[in-house]
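A.B. asks: model this:
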Amino acid sequence: MTEYSLHFELKDWYTVSGDQLEVAVEDFRVDILRGKLIIEIQTGNFTAIRKKLIKLLLNNQVRLVFPVAKLKWIVHMSRSGEFVRRRKSPKKGKLIDVFQELVHAPCLIKNRNFSLEVLLIEEEEVRCSDDAGSWRRRGVSVKDRKLLKVFDRIVFRDNQDFLQFLPKELHGHFTNKVLALKLGISIRLAQKITYCLRKMGVICIVGKKRNEILYQVSQNSLHKPFEE
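C.D. replies: You can find the predicted model right below:
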């Protein structure tokens with residue numbers, strides 16, 4: 001798996017005096033050890049780090065740090081490495097986009113030793129038309145990702161913290177379609193959100209309305225409004 005500059009730059013940004021970097025804990029090498037807290041920075045798919053986290057959580061407190069690009073610049077380079085152009089990406093990441101990856105490990109938050117920190121950042125992505133990239137990018141490969149700025153940081157310590165993603169006007173039973181409409185997101189993302197929240201124990205299935213699944217906030221969950 002490619003390690004981009006973004007990972008190292010985030011680690012440098014996150015590190016404070018007294019931290020130990022790249023140290024061995026049990027059978028693993030961790031990014032940062034802050035006292036008894038293990039800090040792992042993951043800029044890609046959660047699947048790649050899930051097994052490592054599960055094992056570390058047995059005897060350690062672990063915080064997973066994940067960046068979401070609120071603002072992204074795309075730099076195009078030629079095959080010979082020459083600068084071609086730089087443009088701003090029309091896509092603006094939001095806090096809610098964390099569910100795109102959280103869907104691969106939604107149960108981690110139920111572990112008392114686990115916490116998730118999302119960093120809203122400005123980043124620069126370097127691309128090259130070298131035919132080595134995926135078909136989705138039409139052969140354009142990502143050569144590097146760089147950190148430009150950190151706008152905000154949000155920490156989730158337990159499943160109740162995720163109630164903020166449910167809009168306050170969402171009363172009683174709701175479907176993925178209703179959730180998507182209220183949040184202004186795609187139904188696909190709404191499905192990922194309800195899947196994660198259900199695995200976390202935040203919401204539960206209460207039935208069906210025609211072909212749509214009906215959800216409601218679990219009785220032991222305290223409702224908090226969504227703020228973006």
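
A.B. asks: which residue is the nearest non-sequential neighbour of residue 157?
C.D. replies: residue 115 (4.9 Å; C-beta to C-beta, 6 or more residues apart in numbering). No exception for glycine: its C-beta is placed from N, CA and C like everyone else's.

A.B. asks: quick one: the residue nearest to the spatial centre of the chain from residue 182, how far?
C.D. replies: With distances taken as C-alpha atoms, centre = their mean, the chain has residue 98 as the residue nearest its mean C-alpha position (3.3 Å). Applying C-beta to C-beta, to the nearest Å, one obtains 18 Å for the distance of residue 98 from residue 182.

A.B. asks: cool, residue 219 as well?
C.D. replies: Counting by C-beta to C-beta, the gap from residue 219 to residue 182 is 22 Å.

A.B. asks: residue 143 too?
C.D. replies: Residue 143 sits 39 Å away from residue 182 when distances are taken as C-beta to C-beta.

A.B. asks: likewise residue 5?
C.D. replies: Going from residue 5 to residue 182 by C-beta to C-beta gives 38 Å.

A.B. asks: who does the longest helix belonging to the chain touch, helix- and strand-wise?
C.D. replies: Looking across the chain with DSSP state H, the single longest helix is helix 187-200. Counting contacts by 3 or more C-beta pairs under 8 Å, 6 or more residues apart in numbering; DSSP states H and E, helix 187-200 is packed against helix 99-102, helix 176-183, strand 203-209, strand 212-217.

A.B. asks: buried sites along the third one?
C.D. replies: This points to strand 203-209. With burial defined by 16 or more other C-beta atoms under 10 Å, the residues of strand 203-209 counted as buried are residue 203.

A.B. asks: report the distance from it to the chain centre.
C.D. replies: Counting by C-alpha atoms, centre = their mean, to the nearest Å, strand 203-209 is centred 26 Å from the centre of its parent chain.

A.B. asks: list the contacts for the closest residue to residue 213 other than its chain neighbours?
C.D. replies: By the measure of C-beta to C-beta, 6+ apart, the closest residue to residue 213 outside its immediate chain neighbours is residue 205, 5.8 Å from it. For residue 205, the contacting residues are 198, 213, 214, 215, by C-beta atoms under 8 Å, 6 or more residues apart in numbering.

A.B. asks: average model confidence for stretch 61-70?
C.D. replies: pLDDT averaged over stretch 61-70 equals 98, rounded to a whole number.

A.B. asks: one more: stretch 187-200?
C.D. replies: In this model, stretch 187-200 carries a mean pLDDT of 98.

A.B. asks: in a helix, residue 7, correct?
C.D. replies: Yes. The assignment for residue 7 by DSSP: H, G, I helix; E, B strand; the rest coil puts it in a helix.

A.B. asks: so what's it scoring on pLDDT?
C.D. replies: For residue 7, the model assigns a pLDDT of 98.

A.B. asks: ok, and the most crowded of the contacts of residue 205?
C.D. replies: residue 215 (24 neighbours; other C-beta atoms under 10 Å).

A.B. asks: which pLDDT value goes with the closest residue to that one other than its chain neighbours?
C.D. replies: If the residues on either side of it in the chain are set aside, residue 215 comes closest to residue 203, at 4.8 Å by C-beta to C-beta, 6+ apart. In the prediction, the pLDDT value recorded for residue 203 is 96.
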